[in-house]
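Q: Sequence first, then the predicted structure, then my questions.
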Amino acid sequence: MELIDSHTHLDFEDFDADRDEVLKHSRQLGVRRMVVLGVYQRNWQRLWDLAQQDPDLHVAFGLHPVYLDEHRCADLIELGDWLTRLKGHRQLCAVGEIGLDYFLEHLDRERQQTLFEAQLQLAADFRLPALLHVRRSHAAVISTLKRIRLPRGGIIHAFAGSREEAREYIKLGFKLGLGGAPTWPQALRMHKVIAQLPLESVVLETDSPDMAPAMYPGQRNSPEHLPAICSALAERMGISPSALAEASTRNACELFNWPLDDGVDRL
């Protein structure tokens, strides 16, 4: 059973002590390909260096709204430069992690919106998917996506919206990222929503090292946990883990323009 972790932060220092072991064990469990996302300018080079050591790591570059006060105008220019230099490279897969965060009240919404739109335009210009952080901001994100149409859509990371919001995102060409949050017993509303999601619009993720599933409370999340997340979500959706894994892998490959088996020689 092959799985793709469509959202990780393996470059974070949480993995510095055992990153190679985590990758090795994840592959043994069937989690071969992973997407590692940038959140601020100072981690882009680290991300790229990490990917150059492993052909199954794919990179997205972006400016995350939570780090709004750290971003500078020059970072947008540099983001465009990175995308230009790496255009067409098999390991560049998206623009992200970008979006809007209305949960943290100290983050200026107007500045977030300006940054979000600029990065969406880069995704459109470079014909890349966008990997979106959406927290208590579904209406604003959907409205923005209707104005700035992305040829290749993207993923709504850690989707926690309603069935109606899911429908809007799907119409806009987006997949819905599901990870550890809906595995928790108290996530009753999400249990109902994910049971109604079309299988062709779902991709699996961990958000490692954050958002640990209920099976690993209080622990560092990891791509190693994706099979357990898959099994727990499949039960909530009333399908087999293999059916969910197959659909998620197929959907991710479709989004990122990857072959189901990319044929990279790993011997």
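A: Perfect, thanks for sending it.
Q: which stretches of the chain aren't confidently modelled?
A: Counting by pLDDT under 70, the ranges of the chain that qualify are 262-267.
Q: following the helix or strand residue 74 falls within, which helix or strand comes up?
A: Element membership for residue 74 (DSSP states H and E) is helix 73-85. Next along the chain after helix 73-85, taking DSSP H and E as the criterion, comes strand 92-101.
Q: Quickly run through the sheet partners of that next one, with directions.
A: strand 57-61 (parallel), strand 130-135 (parallel) (DSSP bridges).
Q: still on that earlier bit, which strands and helices sit next to the helix holding residue 74?
A: Contact analysis of helix 73-85 by 3 or more Cβ pairs under 8 Å, 6 or more residues apart in numbering; DSSP states H and E lists strand 57-61, strand 92-101, helix 109-125 as its packing neighbours. Any C-beta I mention is one placed from the backbone N, CA and C, and that applies to glycine too.
Q: now the angle between helix 109-125 and the first one, please.
A: Computed by axes from the mean of the first three to the mean of the last three Cα atoms, to 10 degrees, the angle separating strand 57-61 from helix 109-125 equals 130 degrees.
Q: for strand 57-61, which positions count as buried?
A: Across strand 57-61, burial judged by 16 or more other Cβ atoms under 10 Å covers 57, 58, 59, 60, 61.
Q: Show me how far that strand is from its chain's centre.
A: 10 Å (Cα atoms, centre = their mean, to the nearest Å).
Q: Surely residue 173 and residue 152 touch.
A: Yes: proximity of residue 173 to residue 152 meets the contact threshold set by Cβ atoms under 8 Å, at 7.1 Å.
Q: thinking again about what came up before, quick one: closest of the helices and strands packed on helix 73-85 to residue 5.
A: With Cβ to Cβ, the closest approach to residue 5 among those belongs to strand 57-61: 10.0 Å.
Q: Which of the buried residues of strand 57-61 lies at the shortest distance from residue 127?
A: Distances from residue 127 to the buried residues of strand 57-61, taken by Cβ to Cβ, are shortest for residue 60, at 14.0 Å.
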